[in-house]
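Engineer: fold the stuff below for me.
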Amino acid sequence: MDKKAILLDMQDNVATCTSDVEPQDLVLCHGSGEAQVKATAPIPIWHKIALKPLSKGDFVYKYGEVIGEALQDIPQGSWVSHENIRSVPRDYASEYILGREGK
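Structural biologist: Numbering: from 1, shown residues only. Predicted coordinates for the structure are as follows:
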């Protein structure tokens, strides 16, 4: 069965599922970018699906931003969650200031 997910930036390597997903479901991703991926695991609504294989140590991108780092290899179509990624500390104040200076 086809399911849908949100993909807001073509740099993203995960998308947010808009319904519960079961293994073998085809997930069609829409937004600023488009992609499709077959689910390999159950994924709850509003959780992330890997759009491509991620290796341990790879950055995880969502909405064009780094949201974490893979703690282990994550196969394409898998559930991406707090169990297989970790947060990466960022200096948001400096990023904001640097971003504003260029405008």
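Engineer: where do the strands sit along this structure?
Structural biologist: For the chain, the strands defined by DSSP state E occupy 2-7, 14-17, 26-31, 35-38, 48-50, 59-62, 65-70, 79-80, 85-86.
Engineer: in the fourth one, what's buried?
Structural biologist: When you say that, I think you mean strand 35-38. Neighbour counts using 16 or more other CB atoms under 10 Å place 35, 37 of strand 35-38 among the buried residues. (Glycine included, C-beta is placed from N, CA and C.)
Engineer: check the third one too.
Structural biologist: Residues of strand 26-31 classed as buried under the neighbour-count rule (16+ other CB under 10 Å) are 27, 29, 31.
Engineer: could those be laid out in a markdown table, adding pLDDT and distance to Leu51?
Structural biologist: Output for the buried residues of strand 26-31, formatted as a markdown table (pLDDT from 0 to 100; distance: CB to CB, whole Å):
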| residue | pLDDT | distance to Leu51 |
| --- | --- | --- |
| Val27 | 97 | 9 |
| Cys29 | 95 | 7 |
| Gly31 | 91 | 12 |
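Engineer: in a markdown table, list the strands of the chain along with distance to Tyr92.
Structural biologist: Formatted as a markdown table, those follow (distance: least, CB to CB, whole Å):
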| stretch | distance to Tyr92 |
| --- | --- |
| strand 2-7 | 22 |
| strand 14-17 | 20 |
| strand 26-31 | 23 |
| strand 35-38 | 28 |
| strand 48-50 | 21 |
| strand 59-62 | 16 |
| strand 65-70 | 10 |
| strand 79-80 | 22 |
| strand 85-86 | 17 |
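Engineer: so which of those comes closest to Ala93?
Structural biologist: Taking CB to CB, strand 65-70 is the member of those nearest to Ala93, at 15.2 Å.
Engineer: mind listing the strands that closest one pairs with, and their directions?
Structural biologist: For strand 65-70, the paired strands and their directions (DSSP bridges) read strand 59-62 (antiparallel), strand 85-86 (antiparallel).
Engineer: let me know which of the ones you listed is tucked in deepest.
Structural biologist: Ranked by mean neighbour count, the strands paired with strand 65-70 are led by strand 59-62 with a mean of 19 (mean count of other CB atoms under 10 Å).
Engineer: follow-up on the earlier one: closest to Lys52 out of the strands paired with strand 65-70?
Structural biologist: strand 59-62 (10.6 Å).
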